[in-house]
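Colleague: give the three-dimensional model of this entry:
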Amino acid sequence: MKKEIPFSGEQKLIVLMLALTQFTVVLDFMVLSPLGDILMKSMKITPDHFGIVVAAYAFSAGASGLLTAGFADKYDRKKLLIFFYGGFMLGTLCCGLSTNYTMLVASRTITGLFGGVIGSISMAIVTDLFPLEQRGRVIGFAQMGFGASQVLGIPVSLYIANRWGWESPFFMVVILAGLIMNLIIFRLPPVTAHLKMQHDKSIVQHLLHTIKKKDYRVAFTATALLSIGGFMMMPFGSTYAINNLHVTQEQLPILFTASGCASLIIMPLIGKLSDKVDKFGLYTVAACWLMVMVVIYTNITPQPLWILVVINVLMLAGILARMVPATTMVTAIPVMEDRGAFMSINASLQQIAGGVAAVLTGMIVTRKDSFSPLQHYDIVGWVVVAFSLISIVLLGRVSKMVKTKRANSTPSPVTEAISEIA
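Modeller: Coordinates of the predicted model:
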């Protein structure tokens with residue numbers, strides 16, 4: 001077991017701000033799943049069209065990540081975060097103001113153009129300001145936004161959606177994001193250490209330079225396949241629970257809340273564990289666990305609520321336990337001067353993979369009408385298993401590259417960027 005490096009007070013505040021930012025971005029994306037059944041019935045949207053609503057965000061986020069990769073390392077990361085977070089707020093507001101399917105798809109596209117880059121900027125900030133020995137805990141806490149969105153955001157969103165309409169959760173996200181934006185503006189320090197190491201490359205040259213590196217491409221592919229496997233279950237989660245497992249609209253918040261509470265416990269624990277044990281070994285165990293739980297969940301018949309809650313929590317544990325070690329390994333691949341571009345491309349492929357997953361699931365599952373059960377959802381589970389097996393192989397290669405890189409480099413206990421905020 002490795003000895004933990006403690007956080008300074010300033011570092012803890014930075015982690016909090018990044019976690020809150022991720023909370024709103026994840027909530028904006030995740031809320032479509034529990035609202036899916038309401039949306040498909042109110043707007044008369046078919047499963048394949050709803051898959052397009054979800055994919056619109058993902059594909060636009062992916063395109064945005066590629067377009068911004070060339071200049072992601074040429075500016076203060078704080079300023080980039082403020083710019084894209086502001087655009088994300090605007091797109092989310094448009095979602096709440098949408099009155100038909102076409103407007104909703106357009107609004108999700110706008111939201112994705114800005115929101116899809118925020119995760120990569122946050123990861124670049126984490127990589128710049130925290131050493132690898134702290135990064136697992138930081139990523140674990142930052143990604144608690146996923147769990148917090150389920151514990152706090154999704155149940156509240158469902159409640160206000162049932163009371164004031166499906167549009168109201170988007171307005172709630174805008175208000176929360178406005179408060180967090182003020183915190184970022186006044187309390188997040190500039191992140192500019194990478195600017196001292198920049199080479200005189202054009203935006204296009206910097207993008208191509210990043211894509212051409214073989215190690216980077218392996219990491220990109222691993223992230224994309226990992227994301228496809230993770231996203232395929234999400235878009236139709238509430239529809240499957242309601243129409244196949246006979247969970248009621250009133251019980252749905254309980255299902256999400258229980259899973260979210262579990263994730264708030266799991267993420268920090270996995271983050272701490274990831275800093276102490278072999279990250280690839282941890283990922284492999286989590287991926288195998290996920291494959292078992294996915295097959296069980298996609299093939300079960302209606303059960304009492306408490307059984308469905310337990311199965312959901314166990315399945316979510318596998319999903320989340322993969323993300324922390326995988327992300328930590330991938331962030332160790334790029335050198336500092338490439339991190340912004342690398343994270344942008346990586347996030348772009350992650351978002352595109354999510355869009356592919358949503359469209360693919362929409363093509364696999366069918367239903368006779370808006371109130372009938374989903375068919376072929378079990379096939380989705382087996383596809384997730386296939387992608388998970390491939391991701392284990394690719395993450396194994398990433399793990400070897402990280403170990404080789406660290407073995408050939410001179411360890412530094414504290415970088416210049418960290419000493420500025422410690």
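
Colleague: any idea which element the nearest residue to F114 once chain neighbours are set aside lies in?
Modeller: Using Cβ to Cβ, 6 or more residues apart in numbering and skipping residues adjacent in sequence, the residue nearest F114 is G87, 3.1 Å away. Just so you know, the C-beta spots here come from the backbone N, C-alpha and C atoms, and that holds for glycine as well. In the assignment (DSSP states H and E), G87 maps to helix 77-97.

Colleague: report all helices and strands that the helix or strand hosting R406 contacts.
Modeller: Using DSSP H and E, R406 maps to helix 377-408. Helix 377-408 is packed against helix 214-231, helix 279-297, helix 305-331, helix 339-364, with contacts defined by 3 or more Cβ pairs under 8 Å, 6 or more residues apart in numbering; DSSP states H and E.

Colleague: highest average neighbour count across those?
Modeller: Most buried of these, by mean neighbour count (mean count of other Cβ atoms under 10 Å): helix 339-364, with a mean of 25.

Colleague: ok and the helix holding G87 relative to helix 339-364, angle-wise?
Modeller: 20 degrees (axes from the mean of the first three to the mean of the last three Cα atoms, to 10 degrees).

Colleague: pretty sure A358 sits against V54.
Modeller: Yes. Counting by Cβ atoms under 8 Å, V54 is a contact partner of A358 at 4.0 Å.

Colleague: in the chain, what helix or strand scores lowest on average pLDDT?
Modeller: Every helix and strand in the chain was compared by mean pLDDT, DSSP states H and E; the lowest is helix 416-421, with a mean of 41.

Colleague: could you list the low-pLDDT ranges of the stretch 151-300 of the chain?
Modeller: 151-153, 197-203, 206-207 (pLDDT under 70).

Colleague: for the stretch 51-200 of the chain, just list every one of the helices.
Modeller: Assigned by DSSP state H, counting those that start in this stretch, the stretch 51-200 of the chain shows helices spanning 77-97, 101-129, 132-142, 144-148, 154-164, 168-187.

Colleague: chain center to the second one, what's the gap?
Modeller: Right, the one you point to is helix 101-129. Distance of helix 101-129 from its chain centroid, counting by Cα atoms, centre = their mean, to the nearest Å, is 10 Å.

Colleague: so the residue most central in space within the chain is in which element?
Modeller: Closest residue to the average C-alpha location of the chain: V26 at 6.5 Å, with Cα atoms, centre = their mean. Using DSSP H and E, V26 sits in helix 9-30.

Colleague: pull out the buried positions in that helix.
Modeller: 11, 13-15, 17-30 (16 or more other Cβ atoms under 10 Å).

Colleague: just to revisit the earlier point, may I see the buried residues of the helix holding R406?
Modeller: 377-378, 380-381, 383-385, 387-388, 391-392, 394-395, 398-399, 401-402.

Colleague: in a strand, H246, correct?
Modeller: No. Under DSSP: H, G, I helix; E, B strand; the rest coil, H246 sits outside any strand and is assigned coil.

Colleague: so it makes contact with P302?
Modeller: Yes. At 4.4 Å, H246 counts as touching P302 under the criterion of Cβ under 8 Å.

Colleague: okay, these two: which has more neighbours?
Modeller: Neighbours were counted for H246 and for P302 using other Cβ atoms under 10 Å; H246 has more, 14 against 11.

Colleague: how close does R367 sit to G36?
Modeller: To G36, R367 is 12 Å away according to Cβ to Cβ, to the nearest Å.

Colleague: ok, those two, which is more surrounded?
Modeller: Using other Cβ under 10 Å as the criterion, R367 and G36 rank with G36 on top: 25 against 19.

Colleague: residue contacts, that one?
Modeller: Contacts for G36 (Cβ atoms under 8 Å, 6 or more residues apart in numbering) come out as 50, 235-239.

Colleague: now do M181: how many residues are near it, please.
Modeller: By other Cβ under 10 Å, the burial measure for M181, its neighbour count, is 18.

Colleague: in PDB, could you pull the C-alpha coordinates for the helix holding G87?
Modeller: Output of helix 77-97 as PDB, limited to C-alpha atoms (Å, rounded to 0.1, in the frame of the first residue of the first chain):
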ATOM      1  CA  ARG A  77      -7.800  26.800 -18.400                       C
ATOM      2  CA  LYS A  78      -9.900  28.900 -15.900                       C
ATOM      3  CA  LYS A  79     -11.000  31.300 -18.700                       C
ATOM      4  CA  LEU A  80     -11.900  28.300 -21.000                       C
ATOM      5  CA  LEU A  81     -14.000  26.800 -18.200                       C
ATOM      6  CA  ILE A  82     -15.900  30.000 -17.600                       C
ATOM      7  CA  PHE A  83     -16.600  30.500 -21.400                       C
ATOM      8  CA  PHE A  84     -17.900  27.000 -22.000                       C
ATOM      9  CA  TYR A  85     -19.800  26.800 -18.800                       C
ATOM     10  CA  GLY A  86     -21.700  30.000 -19.800                       C
ATOM     11  CA  GLY A  87     -22.600  28.400 -23.100                       C
ATOM     12  CA  PHE A  88     -23.700  25.300 -21.400                       C
ATOM     13  CA  MET A  89     -26.100  27.400 -19.200                       C
ATOM     14  CA  LEU A  90     -27.500  29.000 -22.400                       C
ATOM     15  CA  GLY A  91     -28.100  25.700 -24.100                       C
ATOM     16  CA  THR A  92     -29.800  24.200 -21.000                       C
ATOM     17  CA  LEU A  93     -32.100  27.300 -20.800                       C
ATOM     18  CA  CYS A  94     -33.100  26.600 -24.500                       C
ATOM     19  CA  CYS A  95     -34.000  23.000 -23.600                       C
ATOM     20  CA  GLY A  96     -36.500  24.200 -21.000                       C
ATOM     21  CA  LEU A  97     -38.000  26.600 -23.500                       C
END
